[in-house]
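*Asks:* Turn this into a model:
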Amino acid sequence: MSAEVLESLAQVFRLSVEERNHLFLLAHQQLPPAQAAISRKDKAHPVLQNFMDHFADCPAYVTDHRWDVIAWNQAACVVFGDFNRMNDKEGNAIWRCFASPAYRALLADWEDHAQRLLAQFRSTCSRFVGEPWFKALVEELTELSPEFRTW
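*Replies:* Take a look at the predicted model:
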């Protein structure tokens with residue numbers, strides 16, 4: 001099926017972003033072409049955001065397939081920094097872990113956390129290896145972080 005047919009199906013059935021992505025993964029074994037830019041927080045379903053907001057005593061955030069933080073609560077902003085004020089790079093959990101000195105300082109055992117996070121990143125992102133966003137992120141972190149480069 002062509003991408004156009006899949007896009008038409010997604011529109012007719014009023015699929016969410018996640019459902020649209022799933023449709024493309026089933027049909028083409030890859031994600032659909034990028035849509036118009038949407039703000040990070042607008043990607044999260046309102047029900048998910050409501051849940052996060054009511055999870056008030058525990059810092060929590062959710063990432064998408066690129067590890068961009070797309071939902072968070074106020075407690076997460078207090079602990080990790082104000083996600084509303086972060087640019088796209090700073091709002092990426094992998095980039096922030098390896099490139100932000102402030103994030104490093106938050107964790108007593110940053111090295112263990114960073115190695116575990118990197119292993120999770122590898123396991124979830126292998127299908128994106130050829131995509132421009134993935135290449136750019138890996139190249140930048142390889143240059144910025146000796147640990148990222150080594151691990």
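*Asks:* Tell me, how many residues neighbour the nearest residue to Trp72 once chain neighbours are set aside?
*Replies:* For Trp72, ignoring the flanking residues on the chain, the nearest one in space by CB to CB, 6 or more residues apart in numbering is Tyr61 at 4.0 Å. C-betas here are computed from N, CA, C, even on glycine. Tyr61 is surrounded by 19 other residues when neighbours are defined as other CB atoms under 10 Å.
*Asks:* Domain parsing of this protein, as residue ranges.
*Replies:* 1-36, 37-150 (automatic domain parsing).
*Asks:* Would you map the strands across this protein?
*Replies:* Assigned strands in the chain, in chain order: 61-63, 69-72 (criterion: DSSP state E).
*Asks:* who wins for proximity to Asp53 among these?
*Replies:* Evaluated with CB to CB, those place strand 69-72 nearest to Asp53, the distance being 9.1 Å.
*Asks:* Just give me how far that closest one sits from the chain centre.
*Replies:* Between the centre of strand 69-72 and the centre of its host chain there is 8 Å, according to CA atoms, centre = their mean, to the nearest Å.
*Asks:* could you dump that strand to PDB, C-alpha only?
*Replies:* Below are the C-alpha coordinates for strand 69-72, written out as PDB (Å, rounded to 0.1, in the frame of the first residue of the first chain):
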ATOM      1  CA  VAL A  69       9.600  14.100  26.700                       C
ATOM      2  CA  ILE A  70       5.900  14.600  25.700                       C
ATOM      3  CA  ALA A  71       4.100  14.600  29.000                       C
ATOM      4  CA  TRP A  72       5.100  15.600  32.500                       C
END
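*Asks:* before we move on, the earlier item: so which of the strands of the chain gets nearest Ser123?
*Replies:* Using CB to CB as the criterion, the shortest distance between Ser123 and the strands of the chain is 13.6 Å, found for strand 61-63.
*Asks:* now for the closest one, which elements pack on it?
*Replies:* With contacts defined as 3 or more CB pairs under 8 Å, 6 or more residues apart in numbering; DSSP states H and E, the packing partners of strand 61-63 are helix 46-53, strand 69-72.
*Asks:* Single out the most deeply packed of those.
*Replies:* Across the helices and strands packed on strand 61-63, averaging neighbours per residue (mean count of other CB atoms under 10 Å) puts strand 69-72 on top, at a mean of 23.
*Asks:* Good, wrapping up.
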